[in-house]
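[1] Take this sequence and fold it.
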Amino acid sequence: MNDDSLFPGFRTHRIDTSGTHIHCVVGGSGPPLLLLHGYPQTHAIWHRIAPALARTYTVICADLRGYGDSGKPESDEFHAPYAKRAMALDMVEMMRELGHVRFRLVGHDRGGRVAHRLCLDHSDCVEKVVVLDISPTKAMYDATNQGFATAYYHWFFLIQPYDLPERLIGGDPVYYLRRKLGGFGTGLRHFDPRALVEYERCFSDPATIHASCEDYRAAASIDLLHDAQTAASKVGRPLLVLWGEYGVVHRFFKPLDDWRRVASDVRGRSISCGHYLAEEAPAETLHELTTFLAD
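    I've put the predicted structure just below:
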């Protein structure tokens, strides 16, 4: 991808971690701020707000392992290489390589789950954290009903054993991607065509399709084990949760209540949009982020 198109003035980096390599773009100056995307996207999701944030922060937009132009390491029978613990360690090592020991953190969707685990495993690295349009993984599984399972069918489709979802998605990955991106009630109209082309390019790679399935398989197995092992621990940093008023999370969950069970300092509200806050409602999302993240 030519990041100059969506992230003018940002620099592209390829950072080797202990488990893979991470692709990221870096722009601006000031305190470090790490932005993590969700499924089935890449760091391109931040293109409408990252340049504005870069006026105040050193903004790092990274592709999670398995996504975008980051590495896709071979998995195992426990899906451990795609555990949120492994993904969180990637980000800590990447940020350290870039010279940032402590940072502010924002995660959307899968990136929010990585952010949650990072706060538990590497709490000294995080100053403040924001999660976008999620409740904690265990809370969402525990409250699963027919309505949620229907709306979030991909949670249960992608965890099926290799290689059923890989073959079905791989038959027409662009069709699947567009149906997934547009399937949350707001269609595709809010996606910048340049970002959509980037999502299609990356998701058409069979390695990305497989790795993203492994991400979800990990969420339904080893991630829950790690959650159980650290159940007595809470996120100790200030946490902001934002979610879409027209989204699935708003319909079936209570994000503030859910996060207050696992974090000690929680605030937040809904925003008038669907699932993709940074692309659907960039001005409102940016306002909430800058207000919360400020010293």
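
[2] which residues in the stretch 101-250 of the chain form helices?
    Per DSSP state H, counting those that start in this stretch, the stretch 101-250 of the chain carries helices over the ranges 110-121, 137-142, 146-151, 153-157, 164-170, 173-181, 193-203, 206-219, 222-229, 248-252.

[3] export those to CSV and tack on distance to residue 45 and mean pLDDT?
    (Glycine included, C-beta is placed from N, CA and C.) What follows is these, written out as CSV (distance: least, C-beta to C-beta, whole Å; pLDDT from 0 to 100):
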stretch, distance to residue 45, mean pLDDT
helix 110-121, 9, 98
helix 137-142, 20, 98
helix 146-151, 20, 97
helix 153-157, 17, 98
helix 164-170, 20, 98
helix 173-181, 10, 97
helix 193-203, 7, 97
helix 206-219, 15, 98
helix 222-229, 22, 98
helix 248-252, 17, 97
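
[4] Looking at the ones you listed, spot the one closest to residue 239.
    Between residue 239 and the helices of the stretch 101-250 of the chain, the shortest separation by C-beta to C-beta is 7.9 Å, and it involves helix 110-121.

[5] ok and that closest one relative to helix 222-229, angle-wise?
    Using axes from the mean of the first three to the mean of the last three C-alpha atoms, to 10 degrees, the interaxial angle of helix 110-121 with respect to helix 222-229 works out to 30 degrees.

[6] Counting by contacts, list what helix 110-121 packs against.
    Contact partners of helix 110-121 among helices and strands, from 3 or more C-beta pairs under 8 Å, 6 or more residues apart in numbering; DSSP states H and E: strand 32-36, helix 84-97, strand 103-108, strand 126-132, helix 222-229.

[7] hang on, the earlier thing: looking at the helices of the stretch 101-250 of the chain, which is buried most?
    Taking mean count of other C-beta atoms under 10 Å as the contact definition, the stretch among the helices of the stretch 101-250 of the chain with the greatest mean neighbour count is helix 110-121, which reaches a mean of 26.

[8] Show me what that one is in contact with.
    For helix 110-121, the surrounding residues in contact (C-beta atoms under 8 Å, 6 or more residues apart in numbering) are 35-39, 64, 84-85, 87-89, 91-92, 105-107, 125-126, 129-134, 136-137, 215, 219, 223, 226, 230, 233, 235-237, 239, 262-263.

[9] Show me which of those residues are buried.
    35-39, 64, 84-85, 87-89, 91-92, 105-107, 125-126, 129-134, 136-137, 215, 219, 223, 226, 235, 237, 239, 262-263 (16 or more other C-beta atoms under 10 Å).

[10] picking up where we left off before, between the helices and strands packed on helix 110-121, which one is nearest to residue 156?
    Each of the helices and strands packed on helix 110-121 has some distance to residue 156 by C-beta to C-beta; the shortest is helix 222-229, at 14.4 Å.

[11] if we can go back for a sec, okay, the helices and strands packed on helix 110-121 in JSON lines with distance to residue 202 next?
    What follows is the helices and strands packed on helix 110-121, written out as JSON lines (distance: least, C-beta to C-beta, whole Å):
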{"stretch": "strand 32-36", "distance to residue 202": "15"}
{"stretch": "helix 84-97", "distance to residue 202": "16"}
{"stretch": "strand 103-108", "distance to residue 202": "16"}
{"stretch": "strand 126-132", "distance to residue 202": "20"}
{"stretch": "helix 222-229", "distance to residue 202": "23"}
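
[12] List just the one of these that sits closest to residue 12.
    Proximity to residue 12, assessed across the helices and strands packed on helix 110-121 by C-beta to C-beta, is greatest for helix 84-97 (13.2 Å).

[13] And the closest residue to residue 154 other than its chain neighbours, how far from residue 157?
    If the residues on either side of it in the chain are set aside, residue 154 comes closest to residue 180, at 6.6 Å by C-beta to C-beta, 6 or more residues apart in numbering. Distance from residue 180 to residue 157, counting by C-beta to C-beta, to the nearest Å: 10 Å.
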